[in-house]
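the following block contains a protein sequence and its predicted model.
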Amino acid sequence: MSSDLTIRTATDEDWPQVFPFWARIVDDGRTYAYPEWLTSPEAHALWMEAAPGRTVVAESGERVIGSAKMGPNRPGRGSHIATASFMVDPEAGTRGVGWALGEHVIGWAREQGYAGIQFNAVVETNDRAVGLWRSLGFAVIGTVPGAFDHPEHGPVGLHVMFLDLGGTAR
């Protein structure tokens with residue numbers, strides 16, 4: 001990981017730097033099920049979390065090179081399990097930004113008292129993400145077959161991944 005990487009709470013002033021890589025990743029169609037070709041205000045409404053959730057940016061110098069959003073996976077009786085989504089600017093390369101964001105989210109979820117973290121839709125052909133989450137302790141607990149329409153591979157599965165933070169058996 002780059003030594004000048006900082007992770008901090010995102011502000012609306014960060015959005016002009018987040019949206020270009022957010023749109024590039026979504027419009028590429030290989031890793032996220034968000035609708036393609038969203039406007040900046042539409043994407044902002046999906047990505048910038050309100051409390052009790054949180055959105056952060058990973059910054060190198062004054063350049064935003066990644067972002068994550070996190071919060072309860074479900075309302076009410078499902079709110080003790082967190083969820084998160086991550087995007088790293090493809091131009092940032094393999095500098096450990098995803099790892100740093102993942103560690104940040106895990107730490108935040110622990111601090112907030114979540115019992116675990118569930119990722120609802122990790123595209124099974126996204127080997128980098130699946131490998132990263134496994135290296136941080138997540139396990140694939142199920143796969144919905146054919147739930148994602150990949151532009152090259154056609155229908156592929158969406159993994160549900162889970163990390164137990166020590167409090168799932170209440």
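Sure, I can see it. Remember, it's a predicted structure, so these values are computed and weren't measured experimentally.

what about the residue nearest in space to the middle of the chain, which helix or strand?
Nearest residue to the geometric centre of the chain (C-alpha atoms, centre = their mean): residue 85, 1.8 Å. Residue 85 belongs to strand 81-88 when assigned by DSSP states H and E.

partner strands of that strand, with direction?
Strand pairing for strand 81-88, using DSSP bridges, gives strand 63-72 (antiparallel), strand 116-123 (parallel).

about what we covered before: identify the bridge partners of the residue nearest to the centre of the chain.
Counting by DSSP bridges, residue 85 is bridged to residue 69.

out of the strands paired with strand 81-88, which gets nearest to residue 110?
Closest approach to residue 110 among those (C-beta to C-beta): strand 116-123, 9.4 Å. (C-beta placed from N, C-alpha, C; glycine too.)

and residue 75, how many neighbours does it have?
7 (other C-beta atoms under 10 Å).

ok, now how distant is the nearest residue to residue 109 once chain neighbours are set aside from residue 111?
Closest residue to residue 109 apart from its sequence neighbours, by C-beta to C-beta, 6 or more residues apart in numbering: residue 82 at 4.2 Å. Taking C-beta to C-beta, to the nearest Å as the measure, residue 82 falls 11 Å from residue 111.

give me the more crowded residue out of these two.
The neighbour comparison of residue 82 against residue 111 (other C-beta under 10 Å) goes to residue 82, with 26 against 8.

that one against residue 72, yeah?
Yes. Shown here, residue 82 and residue 72 form a contact pair, counting by C-beta atoms under 8 Å, at 6.4 Å.
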